[in-house]
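Colleague: Turn this into a model:
(one chain, ligands or ions: 2)
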Amino acid sequence: MACCADLAGLRSSPADVRVVTSDGSTISAHSSVLAAASPVLEQMIASGRHGWDADCTVRILGASSDAVAAFLRFLYSHPRETAAEEWAEAAAGAHGAALLALAHAYRVPWLKQRAEAAVAARLTAERAVDATKLAALCDAPRLRLACARLAGKDLGAVERSEGWRFAGRHDPGLQLDMLQLVHDADQRKERWVRERASQHVYRQLSDAMALLDRVFTQGSASSPKDPGCDGRDLEAEASPCGDGSVRRGIEQLVRHLAACGGRARKPACPRCRRAFQLLRLHASLCDRAGAGSEPCRVPLCSNLKTKMQEEGVDKTWRLLVKKVTRARVMSTLSNREVPEIVNKSWAKYSSRRTARLR
Ligand SMILES: [Zn+2]
Ligand SMILES: [Zn+2]
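Modeller: Numbering: from 1, shown residues only. Ligands and ions are numbered 1, 2, ... in the order given. Now for the predicted structure:
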């Protein structure tokens with residue numbers, strides 16, 4: 001039996017555990033280190049030792065001796081210390097799949113996370129099927145997601161791989177699983193695109209509300225009269241947000257509402273309906289109560305607020321108000337100035353992450 005790794009020198013105390021691998025190689029190690037790193041190894045050591053100072057033997061099978069040696073080497077290190085060490089990067093690259101399986105089986109979460117990331121970063125179409133199987137066996141959702149993304153991008157290349165042909169002959173369920181992953185990924189993408197599109201609409205509505213507020217607040221500063229209904233040319237004012245066309249659109253809509261007769265005319269014309277809905281949405285979002293604070297200058301605001309309080313609003317409207325409110329909060333947060341220190345930390349993290357994924 002040959003010793004394939006020298007872990008005994010990593011601690012001053014003598015090694016007291018012999019780890020035997022699949023090919024019969026042995027690795028001398030310290031029971032205190034192994035037991036502290038893995039509850040499974042702790043249990044194996046406790047049941048394999050006869051007498052408190054007796055040597056004991058544990059078997060770590062199912063992986064090559066080099067992979068087991070790398071696994072044990074990781075157990076001797078601190079998770080943070082190994083983050084950027086060259087030997088750790090090399091070991092994660094060379095034995096990523098075995099390390100993932102061992103870390104899962106021997107319950108070492110931090111190593112499992114690292115090995116999962118290493119396998120996902122080195123994923124190719126040729127390895128995708130094996131990696132999908134590994135992800136299922138080791139309960140590794142991020143790796144599974146990476147496989148789904150890769151297969152979704154280039155299913156043809158995955159289908160040409162040896163792993164795919166092997167699965168077809170011996171494990172058709174695995175092929176089905178992969179196709180299901182691709183299908184799920186497509187559906188997720190569609191959902192994401194729909195979600196993005198609706199977010200865009202809520203954001204536009206939120207911007208429109210901000211503009212509506214500005215148009216009438218600024219108008220009221222120079223004229224006490226209702227600026228939307230007296231025909232005053234608001235287009236002449238400079239747009240504070242620089243979005244002149246949206247602003248002009250809002251002004252024209254409100255002017256049209258005043259000139260056309262609004263909802264009093266039956267049936268109401270589409271432009272009046274649209275203007276009225278914008279004013280109603282404003283009234284739902286407006287938090288100027290009036291008492292004690294400056295009254296809101298947006299036309300019909302207080303009337304619509306009273307009407308909605310008396311008659312109530314339906315569920316769909318409440319949902320719309322909630323989503324526009326959320327879009328407004330998100331917009332405020334995204335426009336907030338980020339402190340320099342946060343920007344620096346983010347840049348540092350991004351560059352490290354890019355280097356790790358290379
Ligand atoms: Zn009209
Ligand atoms: Zn208002």
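Colleague: Residue numbers of the stretch 251-358 of the chain in contact with ligand 1?
Modeller: Within the stretch 251-358 of the chain, the positions near ligand 1 by C-beta under 5 Å from the ion are 260, 269, 271-272. Where C-beta positions appear, they are placed from N, C-alpha and C, glycine not excepted.
Colleague: Among these, name the buried ones.
Modeller: By neighbour count, with 16 or more other C-beta atoms under 10 Å, these hold Cys272 as buried.
Colleague: which parts of the stretch 251-358 of the chain sit against ligand 2?
Modeller: 286, 296, 298, 301.
Colleague: Quick one: buried ones out of these?
Modeller: 286, 296, 298, 301.
Colleague: My read is that the first one contacts Val298, right?
Modeller: Yes: applying C-beta atoms under 8 Å, one finds Cys286 in contact with Val298, separated by 7.0 Å.
Colleague: Tell me the spacing between Ala115 and ligand 2.
Modeller: Taking C-beta to the ion, to the nearest Å as the measure, Ala115 falls 57 Å from ligand 2.
Colleague: Check which helices and strands the helix or strand hosting that residue is in contact with.
Modeller: Assigned by DSSP states H and E, Ala115 belongs to helix 109-121. Based on contacts counted as 3 or more C-beta pairs under 8 Å, 6 or more residues apart in numbering; DSSP states H and E, the elements that helix 109-121 packs against are helix 65-75, helix 86-105, helix 128-137, helix 141-153, helix 340-357.
Colleague: Please find the angle between the direction vectors of the last one and helix 109-121.
Modeller: Pointing back at helix 340-357 there. Using axes from the mean of the first three to the mean of the last three C-alpha atoms, to 10 degrees, one finds that helix 340-357 and helix 109-121 are set 70 degrees apart in direction.
Colleague: helices and strands around helix 340-357, which ones?
Modeller: Using 3+ C-beta pairs under 8 Å, 6+ apart: helix 340-357 touches helix 109-121.
Colleague: now do the second one
Modeller: Judged by 3+ C-beta pairs under 8 Å, 6+ apart, helix 86-105 is in contact with helix 65-75, helix 109-121, helix 128-137.
Colleague: quick one: contacts of the first one?
Modeller: If I follow you right, that is helix 65-75. 4-5, 7, 19, 21-23, 25, 27, 29, 33-34, 37-38, 41, 60, 63, 82, 87-88, 91, 94-95, 98-99, 102-103, 106, 108, 111 (C-beta atoms under 8 Å, 6 or more residues apart in numbering).
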